[in-house]
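Q: just a sequence and a predicted model for now, questions to come.
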Amino acid sequence: MTLLPGTNYLSDSARTEAEMKVALDKVNEVIAEIGSKDVTTLTIGASVANGITTPLSSMVSIASEGGAGVADTLATIGVSNIDKGRMVILQHASSAEDESTGITITHGDGAGAIEMRDGANFILCAKRMLGLIYTGATGHWQEVWRGYGRETVAELLAERTAIGLGDASVETIATGGSNASKVLKVSSTPLITNDVLKINASGQIEKALVAELGGGNAATLETHDAASFVRTNETAAQSIDADLTVSSANANLIADGVTTAALRLKANSGANERAFIEMTTSDGELVIGTQTAGGGATVGMKFDPAAGSGGRIVSSVGDIVADIIEANLVSAGDASAGSFRVAAGAYNLLIQWGGDWVDSGSASSTLKKEGDSRLTFGTAYTAAPFIISGGYMTRVREYTGTPPFSAVYGYERVTQDPQPTTITSTYIEIPRGTYFDAGDPSERYDYFRSGNYIAIGTIA
């Protein structure tokens, strides 16, 4: 392109006639390049790879390096002898090309590059045009406008996409309820959040009246009456006649009973409740039970989280076993101590075994013992319980000599099952240690405890 003469160049009295002729020719050339000069055709790659040389007119036709029907890429435009503010308009040299064979104008901001307004590439094809201005500051071109020609459907769609419009931008507005493939608009009545909408006789969107919705509820849903819907805020009883399936892998079926004393899930046979699961909301106690056809309790099981640190499971099986069966292992590792309770109404039978023994009592010549070993029950009985012993006693009978024994003597060894010498509602005691009974022959009693004593009795 041609550069204009500098400021005050023509008015300088020192200019010669020859210089003035040259300057006026440049002015004429610039005017021609701006709009009155014929279109210049430049071929990509003719002198610059992926680029064209400096345009010689404001209207430039770009030809593909491979000729008609071959797609190409334009990355740079020459900027020799161009002032800031000069504009060029680009078009494809062949108006028959579509996007598949067009010229892709690549976005960039380096020397001679083309900066697109959306930062994306633009395909120059058919009758599309691209207006550019030379900024000069960074030596590159900037997009001013683009035109799509709008002669084909593809061009219309491309233009709507470029300015952010969809198909609705070329559709007419519906004017009746039966208009198909038309755009709907809101009527003059304002809408608010959660309004139920309808299409009026003029084809406009407006709020549906309560009377038109059957009292505020949908009249039917897939042929089902509104009364058949399960409603979230309904306080009256509701029912479902088919299976209720939770299909999501992580979904839960939640029954929230925080506002009631107990939450009950029932299984009925006809009108009669035959089984249930009930949770007491105050303490989390859960009961699973069954009932007779007349509503009487039969068999059930209760999960009680409040009984002890680990909770308990209580079985209620009527006359078959008992109302409650409860087991507790004090020593869970080897079951060397624990209890087992069976209850029926006001009657409680408790079986206890094992525990910690302590030495107590003093020597007794009558019972031939050094003292006692005492076991205190974990739970006291209402009366002295029945005891099943769990130990043995060894008795040695001497034939000659008195203590200390002579070097030669004979003896007999007898092992017995010793019963406790004392039984109370809270503890039992058994003999312990060795006792010598002077006489001829002398006797020696050795008491040893082995295993557990088992106590059986009633508790309150």
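A: Yep, that arrived. Predicted, not measured: the structure shown is a model, and the values here were computed from it. Numbering: from 1, shown residues only.

Q: CA only for contacts and neighbour counts going forward, please
A: Will do.

Q: can you list the buried residues in whichever strand or helix holds Thr161?
A: Using DSSP states H and E, Thr161 maps to helix 153-162. Neighbour counts using 16 or more other C-alpha atoms under 10 Å place 155-157, 159-160 of helix 153-162 among the buried residues.

Q: can you put those in TSV and add pLDDT and distance to Ala363?
A: Below are the buried residues of helix 153-162 laid out as TSV (pLDDT from 0 to 100; distance: C-alpha to C-alpha, whole Å):
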residue	pLDDT	distance to Ala363
Glu155	81	118
Leu156	76	117
Leu157	78	113
Glu159	81	115
Arg160	77	112
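
Q: and the longest strand seen in the chain, what's its mean pLDDT?
A: Secondary structure of the chain read by DSSP state E shows that its longest strand is strand 427-437. For strand 427-437, mean pLDDT is 79.

Q: quick one: strands adjacent to that strand?
A: If you go by DSSP bridges, strand 427-437 pairs up with strand 371-376 (antiparallel), strand 422-423 (antiparallel), strand 443-448 (antiparallel).

Q: reformat these as TSV; add mean neighbour count.
A: Output for these, formatted as TSV (neighbours: other C-alpha atoms under 10 Å):
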stretch	mean neighbour count
strand 371-376	20
strand 422-423	16
strand 443-448	20
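
Q: could you dump those into CSV with distance to Asp38 and mean pLDDT added?
A: Shown next, in CSV, are these (distance: least, C-alpha to C-alpha, whole Å; pLDDT from 0 to 100):
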stretch, distance to Asp38, mean pLDDT
strand 371-376, 120, 86
strand 422-423, 129, 90
strand 443-448, 128, 69
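
Q: just give me the neighbour total for Ser12.
A: Check again: residue 12 is Asp, not Ser. Using other C-alpha atoms under 10 Å, Asp12 is surrounded by 10 other residues.

Q: same deal with Gly112?
A: Gly112, neighbours per other C-alpha under 10 Å, totals 23.

Q: sorry, back to before: which one of the buried residues of helix 153-162 is nearest to Ser13?
A: Proximity of the buried residues of helix 153-162 to Ser13 (C-alpha to C-alpha) peaks at Glu159, which lies at 54.0 Å.

Q: wait, the closest one touches Arg146, no?
A: No: counting by C-alpha atoms under 8 Å, Arg146 is not a contact partner of Glu159; they are 9.1 Å apart.

Q: I'd say Tyr336 and Gly354 touch.
A: Just to correct that, residue 336 is Ser rather than Tyr. Yes: under the criterion of C-alpha under 8 Å, Ser336 makes contact with Gly354 at 5.9 Å.

Q: who's more crowded, the two?
A: Counted by other C-alpha under 10 Å, Ser336 and Gly354 do not tie: Gly354 has more neighbours, with 22 against 14.

Q: the more buried one - nearest residue in space that isn't next to it in sequence?
A: Distance criterion C-alpha to C-alpha, 6 or more residues apart in numbering; nearest residue to Gly354, sequence neighbours excluded, is Ala337 at 4.2 Å.

Q: neighbouring contacts of stretch 266-284?
A: With C-alpha atoms under 8 Å, 6 or more residues apart in numbering as the test, stretch 266-284 has contacts from 257-258, 260-265, 285-295, 304-306.

Q: just put the strands paired with strand 427-437 in CSV and tack on distance to Arg341.
A: Output for the strands paired with strand 427-437, formatted as CSV (distance: least, C-alpha to C-alpha, whole Å):
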stretch, distance to Arg341
strand 371-376, 18
strand 422-423, 20
strand 443-448, 30
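
Q: quick one: which of these is nearest Val186?
A: Between Val186 and the strands paired with strand 427-437, the tightest spacing by C-alpha to C-alpha is seen for strand 371-376, at 86.8 Å.

Q: now that closest one: how far from the chain's centre is it?
A: Here strand 371-376 is found 60 Å from its chain centre; the criterion is C-alpha atoms, centre = their mean, to the nearest Å.

Q: C-terminal to it, what's the next element?
A: Later in the chain than strand 371-376, the nearest helix or strand by DSSP H and E is strand 386-388.

Q: what's the closest of the strands paired with strand 427-437 to Ala126?
A: Set against Ala126 and scored by C-alpha to C-alpha, these come closest in strand 371-376, at 105.2 Å.

Q: least trustworthy helix or strand in this structure by mean pLDDT?
A: Taking mean pLDDT, DSSP states H and E as the measure, the chain has strand 392-398 as its least confident helix or strand, at a mean of 56.

Q: and stretch 447-457, how far apart are its ends?
A: 26 Å (C-alpha to C-alpha, to the nearest Å).

Q: same deal with stretch 87-107?
A: Stretch 87-107 stretches 18 Å from its first residue to its last (C-alpha to C-alpha).

Q: pull the residues that contact that stretch.
A: Here stretch 87-107 has contacts from 34, 41, 55, 57-64, 68-75, 113-116, 119-134, using C-alpha under 8 Å, 6+ apart.

Q: so which elements touch the helix or strand just after the helix holding Thr161?
A: Once the chain leaves helix 153-162, the next helix or strand it forms, by DSSP H and E, is strand 197-199. If you count contacts as 3 or more C-alpha pairs under 8 Å, 6 or more residues apart in numbering; DSSP states H and E, strand 197-199 packs onto strand 205-207.
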